[in-house]
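Q: Let's see this in three dimensions:
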Amino acid sequence: MADAPLFTAERAAEFAAEADRLLDFTAGAKTTGGFGWLGDHGEVVERDLELWITCRMTHVCALGAAIGKPGFLELTEHGIRSIADNFHDERHDGWYAAISPDGSRPTDATKAAYAHSFVILAGSSGQAVGAAGAADLLTHALAVHDRFFWDESQGMTRESFSGDWRTEEDYRGINANMHTVEAYLAAGDVTGDQLWHERAGRIVTRAIDQLARANSWRIPEHFTADFTPLPDYNKDQPAHPFRPYGATPGHALEWARLTLAAAQTLGGPAWDWAYDAASALVAGAVTDGWAPDGADGFVYTTDWDGTPSSHARMFWVLTEAIGAAWALHHVDGSAQWRPLVEKWWAYAKAYLLDLDRGAWHSELDATNTPDAETWVGKPDTYHAIQAMLLPRLPLTPSFTTALAARGAPEAGGTGSA
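A: Take a look at the predicted model:
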């Protein structure tokens, strides 16, 4: 039993109002071909449509549908059709990384595990809310992932291929594997097929119980094809959007939540290590990442001794900090997490929420001033909306499945275990 609920009624209501505001912003991303990249004012930026954004926004729309937001089932179905029709490679199978703004032709035929994990997530979330075509998309996406991306010998996912699948990238990344965990957990929840839960568990065990544990809980991000760590990879790019040098505190926070979700999903003594590991990940991320340069906020990346490499403050890291505290609270019921959540939410309100133009600033500089060194505009709302829905959610099953099963609870829910 929890010592105290993580979210007060006042805070839960505040999160609910912010979730509604974020969903309104999300609706503006709809385009002919899918969902577009949004600018600072919520306008669709004239650029190619990217698979990962269309999939993530489809998932966000499904979250909106699950809590009963009018029009969001239709937006979810628009996303499902766009992925299935516009992004799908009819000749080689899989989904294009990018297509033209009108959705008529591919502009990047690369087949990447990161983006394909979000095809699975979009299909899973769509199926959870009964969106037309979602079940077929999910079945197809899982078959593609199983055929091309899953590496049975490593218990991890491969990174990317050329458009015809003939050339495989000689690189493995923890980011694609992390989002594959999220996708596999969601797929297992909606299909009832334990295989996807088991594979998610294998990835978590390798990434956290082995690789992170052996590296003082600073998670190695980049690897050779046999998963030998590459600690100096992209050393000259500490603020790269997808493959930054060094350790990423935000990923440690995200992995903490996913580790506990996998442990609760799979259960048993084989997962006795999970809570201590998640606690160590969060403790390390807070020690290394929160205000190490004297200003509030989580830095983006650090060197392997914890020294900041990129002092940028990315909005998504703050949301994952709240998510990690929420997950730990579900397990230990401790009152220690509420002051941290309150501090982080106060920071978000002071610096990240853009109440004038909508959504959240994607990036701040070391002085907490909006910046665009890495991210221009407000590409998607995935991280922020998930954090704002936490007071309504259990630790498992996955977000959309849980919301669809429960309906829309009162805003004052505590989110305690």
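Q: and residue 79, what element?
A: For residue 79, the element it lies in under DSSP states H and E is helix 72-81.
Q: Show me what that helix is in contact with.
A: 23, 26-27, 30, 34-35, 54-55, 57-58, 61-62, 64-65, 122-123, 125-126, 129-134, 137 (Cβ atoms under 8 Å, 6 or more residues apart in numbering). Using the backbone N, CA and C atoms, a C-beta is placed for each residue, glycine as well.
Q: and after that helix, which helix or strand comes next?
A: Helix 72-81 is succeeded, C-terminally, by strand 98-99 (DSSP H and E).
Q: helices and strands around that next one, which ones?
A: The contact analysis (3 or more Cβ pairs under 8 Å, 6 or more residues apart in numbering; DSSP states H and E) places strand 98-99 against strand 49-50, strand 106-108.
Q: Tell me which of the ones you listed lies nearest to residue 191.
A: strand 49-50 (26.4 Å; Cβ to Cβ).
Q: Not counting that closest one itself, show me its contacts.
A: Outside strand 49-50, the residues that reach it (Cβ under 8 Å, 6+ apart) are 31, 33-37, 86-87, 97-101, 103, 115.
Q: What does the pLDDT read for the residue of the chain positioned farthest from its centre?
A: The outermost residue of the chain, judged against the average C-alpha position, is residue 91 (29.6 Å), by Cα atoms, centre = their mean. You'll see residue 91 listed with a pLDDT of 98.
Q: Show me where the chain dips below the pLDDT cut-off.
A: Applying pLDDT under 70 to the chain picks out residues 1-3, 407-417.
Q: Okay, helices next: where are they in it?
A: Along the chain, counting by DSSP state H, helices occupy 9-27, 51-66, 72-81, 113-128, 134-144, 174-191, 194-204, 249-266, 274-289, 315-332, 337-347, 382-388, 399-406.
Q: right, so of the ones you listed, which gets closest to residue 303?
A: Using Cβ to Cβ, the nearest of those to residue 303 is helix 274-289, at 9.4 Å.
Q: buried set for that closest one?
A: Residues 274-275, 277-282, 284-286, 288-289 are the ones in helix 274-289 that count as buried (16 or more other Cβ atoms under 10 Å).
Q: Check stretch 348-355 too.
A: Applying 16+ other Cβ under 10 Å to stretch 348-355 flags 348, 351-354 as buried.
Q: now these as a markdown table including distance to residue 369?
A: Listed next are the buried residues of stretch 348-355 as a markdown table, based on distance: Cβ to Cβ, whole Å:
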| residue | distance to residue 369 |
| --- | --- |
| 348 | 15 |
| 351 | 9 |
| 352 | 12 |
| 353 | 15 |
| 354 | 13 |
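Q: Just give me the closest of those residues to residue 267.
A: residue 348 (33.3 Å).
Q: Count the residues that sit near the nearest residue to the closest one once chain neighbours are set aside.
A: Nearest residue to residue 348, sequence neighbours excluded (Cβ to Cβ, 6 or more residues apart in numbering): residue 318, at 5.5 Å. Residues contacting residue 318 under the criterion other Cβ atoms under 10 Å number 26.
Q: re the thing from before, Throw the helices of the chain into a markdown table and include distance to residue 232, thanks.
A: Shown next, in a markdown table, are those (distance: least, Cβ to Cβ, whole Å):
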| stretch | distance to residue 232 |
| --- | --- |
| helix 9-27 | 38 |
| helix 51-66 | 26 |
| helix 72-81 | 39 |
| helix 113-128 | 22 |
| helix 134-144 | 33 |
| helix 174-191 | 15 |
| helix 194-204 | 24 |
| helix 249-266 | 18 |
| helix 274-289 | 18 |
| helix 315-332 | 23 |
| helix 337-347 | 31 |
| helix 382-388 | 28 |
| helix 399-406 | 36 |
